[in-house]
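Enquirer: Sequence and predicted structure below; questions after.
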Amino acid sequence: MKKIPFFLGFVIFFFFSCALYAYDGITFYGAEISQSDRFNSDGQRLTTVSDILRQDRANYYVYGKPNKHDQPDDYFTTKAHRDIFDSAKIIIDPKLAQEIIYSNQPVLISVFVYSPTEIHIEPGLPDPHTD
């Protein structure tokens with residue numbers, strides 16, 4: 001009889017722990033931030049993470065120049081959607097932000113767009129099993 005409550009508890013714990021890892025936002029993608037993403041189409045150096053992220057998506061969708069590790073997304077295909085980079089709160093570790101802005105080397109990141117007002121940036125490419 002003691003096995004039933006234990007099993008039920010395990011099932012409930014497993015269900016909720018899996019839910020913590022499920023992504024439930026607008027979109028997510030992996031990006032390789034390279035030197036081409038750190039400069040706008042006029043050749044001016046970009047100095048904010050939001051501007052660099054916008055340029056990365058423009059390079060992918062507008063100019064057809066993705067980096068090797070850039071991944072598609074189903075949201076930033078239009079300029080109107082890329083404009084959210086200007087107003088969204090971007091949650092990122094300050095060291096990663098500095099690396100994105102100032103490094104001369106490519107930086108691999110995961111971009112999780114939870115809403116038009118909240119974007120999370122993590123180091124490395126997303127797990128291919130993230131849903």
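Expert: All right, it came through fine.
Enquirer: Secondary structure class of the closest residue to D83 other than its chain neighbours, three-state.
Expert: In this structure, D83 finds its nearest non-sequential neighbour in R54, 7.9 Å apart by Cβ to Cβ, 6 or more residues apart in numbering. (Glycine included, C-beta is placed from N, CA and C.) Put simply, R54 is helix when judged by DSSP: H, G, I helix; E, B strand; the rest coil.
Enquirer: Touching, R54 and F85? I think so.
Expert: Yes. If you go by Cβ atoms under 8 Å, R54 and F85 touch, sitting 4.3 Å apart.
Enquirer: which residues of this structure fall in strands?
Expert: 27-33, 89-91, 107-115, 118-123 (DSSP state E).
Enquirer: so can I have JSON lines of these showing mean pLDDT, mean neighbour count and distance to Q71?
Expert: Listed next are the strands of the chain as JSON lines, based on pLDDT from 0 to 100; neighbours: other Cβ atoms under 10 Å; distance: least, Cβ to Cβ, whole Å:
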{"stretch": "strand 27-33", "mean pLDDT": "97", "mean neighbour count": "21", "distance to Q71": "4"}
{"stretch": "strand 89-91", "mean pLDDT": "98", "mean neighbour count": "13", "distance to Q71": "18"}
{"stretch": "strand 107-115", "mean pLDDT": "97", "mean neighbour count": "18", "distance to Q71": "9"}
{"stretch": "strand 118-123", "mean pLDDT": "98", "mean neighbour count": "17", "distance to Q71": "14"}
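Enquirer: Minimum distance to P66: which of these has it?
Expert: Distance to P66, taken as Cβ to Cβ, is lowest for strand 27-33 among the strands of the chain, at 8.4 Å.
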